[in-house]
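Student: Just the structure for this:
(one chain, ligands or ions: 1)
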Amino acid sequence: MRKPIIAGNWKMNKTPSEAKELVTALKPLVKGASCDVVVCVPAVDFAAVKEAAKGSSIKLGAQNVHFKESGAYTGELSAKMLKECGVDYVVIGHSERRQYFGETDETVNLRVKACVAAGMTPIICVGEKKEQREAGYTNALVSYQTLIALEGLTDKEVAKAVIAYEPVWAIGTGLVATDEQANETIGVIRKAIAGKYGKATANKTRIQYGGSMNPKNVKGLMAQSEIDGGLIGGASLKAEDFSKVVGFDKE
Ligand code: PEP
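Tutor: Got it, this is the predicted structure:
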């Protein structure tokens, strides 16, 4: 059985004082959650979130990592830096990074390897654009994106990694993949992993859905056999909404 994982992606939102306020409000609301709970926050919020999350099971996540250990890379953060700040999870290859910051499948793979080598868990984002789905390329594309991102990892490391299937057309748009669409594509991703790393490994890898997931649609999505959690953007910015997504299995 795979333990579900619900991760909030705050994107470029929340100052340190706002971050403290949000996590302080979230803490009692997610107490006793049956899933892993992660908040992926701007680096300037790491200390505030770490402090506010003390005594809870809320884990700290980052939204990117550079693949070099150190050096002349102005504005970037290394895996070692994140690790020392208490980061456990790193979102890698989010479609916004691919779209606005020139992230490629190759650099995603380098970042994944740096993240894993530092002892953190990557949340690797894959997903198709609307026109790619309409042209029938979804399955081939997400399989390729997943396998190239994982290239060079051992079976054990793949089993521990988290994949987030995020159809680009569903991110921040209010459009949600149907439960069946999400389940089917996540099944395709798992099959691709099984083809290269074996069924036992693929059955351990957690694969989330991401794209306008919210308190209203979370139950239907999480009831699907292949969906192991969610990567949540907009609905992670309010404690009450995020806690309702985290509590998808509660009434
Ligand atoms: C995301 O940023 O990964 C995301 C899924 O955003 P939203 O939930 O707002 O669609």
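Student: tally of neighbours for residue 12?
Tutor: Look at residue 12: counted by other C-beta atoms under 10 Å, it has 7 neighbours. Just so you know, the C-beta spots here come from the backbone N, C-alpha and C atoms, and that holds for glycine as well.
Student: likewise the one 4 residues further on?
Tutor: Other residues within reach of residue 16 by the criterion other C-beta under 10 Å amount to 17.
Student: I figured it hits residue 52, correct?
Tutor: No - contact criterion C-beta atoms under 8 Å: residue 16 and residue 52 do not qualify, at 9.8 Å.
Student: Helix or strand next in line after the longest helix anywhere in the chain, which one?
Tutor: Longest helix of the chain, by residue count under DSSP state H: helix 179-197. With elements assigned by DSSP states H and E, the helix or strand that comes after helix 179-197 is helix 199-202.
Student: isn't residue 69 right next to residue 81, touching?
Tutor: No - using C-beta under 8 Å, residue 69 makes no contact with residue 81, being 9.9 Å away.
Student: who has more neighbours, the two?
Tutor: residue 81 (18 against 12).
Student: and the gap between the closest residue to residue 34 other than its chain neighbours and the ligand?
Tutor: Nearest residue to residue 34, sequence neighbours excluded (C-beta to C-beta, 6 or more residues apart in numbering): residue 249, at 5.7 Å. Going from residue 249 to the ligand by C-beta to the nearest ligand atom, to the nearest Å gives 19 Å.
Student: Could I get the contacting residues of residue 249?
Tutor: Residue 249 sits next to 34-35, 222 when contact means C-beta atoms under 8 Å, 6 or more residues apart in numbering.
Student: Looking at these, which one is closest to the ligand?
Tutor: residue 222 (14.5 Å; C-beta to the nearest ligand atom).
Student: tell me the pLDDT at that closest one?
Tutor: Looking at residue 222, its pLDDT is 98.
Student: Equivalent analysis for the one 5 residues further on, please.
Tutor: We note a pLDDT of 98 for residue 227 in this prediction.
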